[in-house]
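Colleague: Fold the following for me, if possible:
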Amino acid sequence: MRHLRDCADPRMDYYATHVEKPTSLKTSERASLLAYMGVPLQIFGKGSLFGPYTPLQQLDTLADQHTKSYVVGSTNQLLLQQKDRYADILVNLDDNTINIHSPSLRNALALSTADRRWIDFLTQSVHDTWDENIPSRPKDMGYAGSEEFIRLQFEEYLLSLLSASKYSRFVSSHKGDPKALLSEVEGDPAMEFGSEFMNQWSLTENYALFERTTDSHLFDVVEPRHPCAGGLTIEDVQRRLAAQVSELHLDERWRGSKEAVGKHISTGRERVAGAINTLWADIEVMREAQRKRVEEQKAAAAVAAANNPPAPDEKSAPKGEFLSPVLCQSLANTHISSPSPGISASSIFTRRCLSIIMGSMGFRKAQELAEAREQCRRANNRNPASYPDLGGRGF
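Modeller: Below you'll find the predicted structure:
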């Protein structure tokens, strides 16, 4: 970016042809340290183009076979309509979205566990110190969360990446000599930055220029270690799950479905409640109608009983404990007037009375009949004509 003439056209390559490899280092000077580490990296060189505002006349330049990479900006909707042809990565400032259309780039740009941990730390620091009234500085006027703090974090991340890259190549070339390796560094620290990204970067012109203009032992100056390197934690798993959900855009896809499902559930709940209320109302109406019908039947039965009293049954004897005096007198006269030979009148009369009483009253008067039989037995030798008048009382 310091040589803008290399950014205007893909054929320009002044920086790469005139840059020299640093031979000395002053650690007390930041500029000397950055130059020794190969920073800033020359992104735009031969075959690259940078156009903050690109008109339609330059679309042919973007599609040219000599143009390998570019970063351009435009307000023309034609680029959006043909984004699959002109863009591998599309940053839309209208809706604040980043879309990666190239599958190979999508895999290479996937954040590692340490990368997620680092960017979460950075965003949380900014969030904790954000001042809505004065966005240009932290609310506590401190260093954390300020612009200098953010720039230094990115600078530290980049220097660690470059140092880890140099150490990774050093480890590959000294596999048979473990004494040459750094004892405080375990394994390949470049993997903390993403193995796919490191492999893809090693194939670019930018990496070739970095290797040509820097010392092979940069890891002796800057520790070859990711700023947030470490083991896997629960927070890392949660970040990974959140990132996968965000990449799948599940919240956007299911937002409409959630609203529709919620609406249908509410409508169904209202319908079920209405059906239950209607059912209970119908049950109450049926109960009331049944109650009125029973009351009408009782009233009709009472009126019928008052107008038509039941007639007495002449075939059966009275339910009382006494026999009619007329019946007793007629039975006595009948048996006394025509006694059979050898049978006393009192015995015939007793048996006749017992048969009539048993037929009319049943067994519920068994005890009274037993007493009447005993009285008749005692009076067996008496003259029937001398029986006293019953006076309307029977046995």
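Colleague: Now name the helix or strand holding residue 203.
Modeller: For residue 203, there is no host helix or strand (DSSP states H and E).
Colleague: can you start the count at 49 instead of 1 from here on
Modeller: Yes, from this point I'll number from 49; that puts the last item at residue 251.
Colleague: Roughly how far does it sit from residue 152?
Modeller: Per C-beta to C-beta, to the nearest Å, residue 251 is found 11 Å from residue 152. (Glycine included, C-beta is placed from N, CA and C.)
Colleague: do the same with residue 256
Modeller: Residue 256 is 19 Å from residue 152, where distance means C-beta to C-beta.
Colleague: Also residue 135?
Modeller: 14 Å.
Colleague: higher neighbour count, the two?
Modeller: More crowded of residue 135 and residue 152, by other C-beta atoms under 10 Å: residue 135, with 18 against 11.
Colleague: check contacts around the residue nearest to the more buried one when sequence neighbours are not counted.
Modeller: Leaving aside its sequence neighbours, residue 135 sits nearest to residue 149 (C-beta to C-beta, 6 or more residues apart in numbering; 6.4 Å). Residue 149 sits next to 131, 132, 135, 136, 137, 138 when contact means C-beta atoms under 8 Å, 6 or more residues apart in numbering.
Colleague: Please report how far residue 149 lies from residue 249.
Modeller: 20 Å.
Colleague: Same check on residue 76?
Modeller: Going from residue 76 to residue 249 by C-beta to C-beta gives 30 Å.
Colleague: which of the two has more neighbours?
Modeller: Neighbours were counted for residue 76 and for residue 249 using other C-beta under 10 Å; residue 249 has more, 17 against 7.
Colleague: What sits closest to the more buried one if chain neighbours are left out?
Modeller: With sequence-adjacent residues excluded and distances taken as C-beta to C-beta, 6+ apart, residue 249 is closest to residue 255, at 5.3 Å.
Colleague: which residues of the protein fall in strands?
Modeller: Assigned by DSSP state E, the chain shows strands spanning 96-99, 117-120, 137-140, 145-148.
Colleague: As a markdown table, these with distance to residue 170, mean pLDDT and mean neighbour count would be great.
Modeller: Formatted as a markdown table, these follow (distance: least, C-beta to C-beta, whole Å; pLDDT from 0 to 100; neighbours: other C-beta atoms under 10 Å):
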| stretch | distance to residue 170 | mean pLDDT | mean neighbour count |
| --- | --- | --- | --- |
| strand 96-99 | 26 | 88 | 20 |
| strand 117-120 | 23 | 90 | 17 |
| strand 137-140 | 19 | 90 | 13 |
| strand 145-148 | 17 | 88 | 12 |
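Colleague: now the helices for the stretch 249-398 of the chain?
Modeller: Listed in chain order, the helices of the stretch 249-398 of the chain (DSSP state H, counting those that start in this stretch) span residues 253-260, 282-296, 298-355, 373-385, 393-409.
Colleague: weakest of those helices in terms of mean pLDDT?
Modeller: Lowest mean pLDDT within the helices of the stretch 249-398 of the chain: helix 373-385, at a mean of 46.
Colleague: Chain neighbours aside, what residue packs nearest to residue 238?
Modeller: Per C-beta to C-beta, 6+ apart, closest to residue 238 is residue 216, 3.9 Å.
Colleague: show me the contacts for the one you found.
Modeller: Contact partners of residue 216, counting by C-beta under 8 Å, 6+ apart, are 236, 237, 238, 246, 272.
Colleague: Looking at those residues, which are in helices?
Modeller: Of the positions in the contacts of residue 216, residue 246 sit in helices, assigned by DSSP state H.
Colleague: Now rank the contacts of residue 216 by neighbours and give me the top one.
Modeller: Highest neighbour count within those: residue 272, with 26 neighbours (other C-beta under 10 Å).
Colleague: That residue contacts residue 214, correct?
Modeller: Yes: taking contacts as C-beta atoms under 8 Å, residue 272 lies within contact range of residue 214: 7.2 Å.
Colleague: Show me what residue 98 is bridged to.
Modeller: As for beta bridges, residue 98 partners with residue 119 under DSSP bridges.
Colleague: I'd say it and residue 121 touch.
Modeller: No: using C-beta under 8 Å as the test, residue 98 is too far from residue 121 to be in contact (9.6 Å).
Colleague: rewinding a little: how about the strands of the chain in CSV, adding distance to residue 330?
Modeller: Below are the strands of the chain laid out as CSV (distance: least, C-beta to C-beta, whole Å):
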stretch, distance to residue 330
strand 96-99, 77
strand 117-120, 73
strand 137-140, 60
strand 145-148, 57
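Colleague: among the ones you listed, which is nearest residue 184?
Modeller: Between residue 184 and these, the tightest spacing by C-beta to C-beta is seen for strand 137-140, at 23.0 Å.
Colleague: for that closest one, packing partners?
Modeller: Applying 3 or more C-beta pairs under 8 Å, 6 or more residues apart in numbering; DSSP states H and E, one finds that strand 137-140 contacts strand 145-148.
Colleague: what sits up against the strand it packs on?
Modeller: Residues outside strand 145-148 that contact it (C-beta under 8 Å, 6+ apart): 131, 136, 137, 138, 139, 140, 154, 157.
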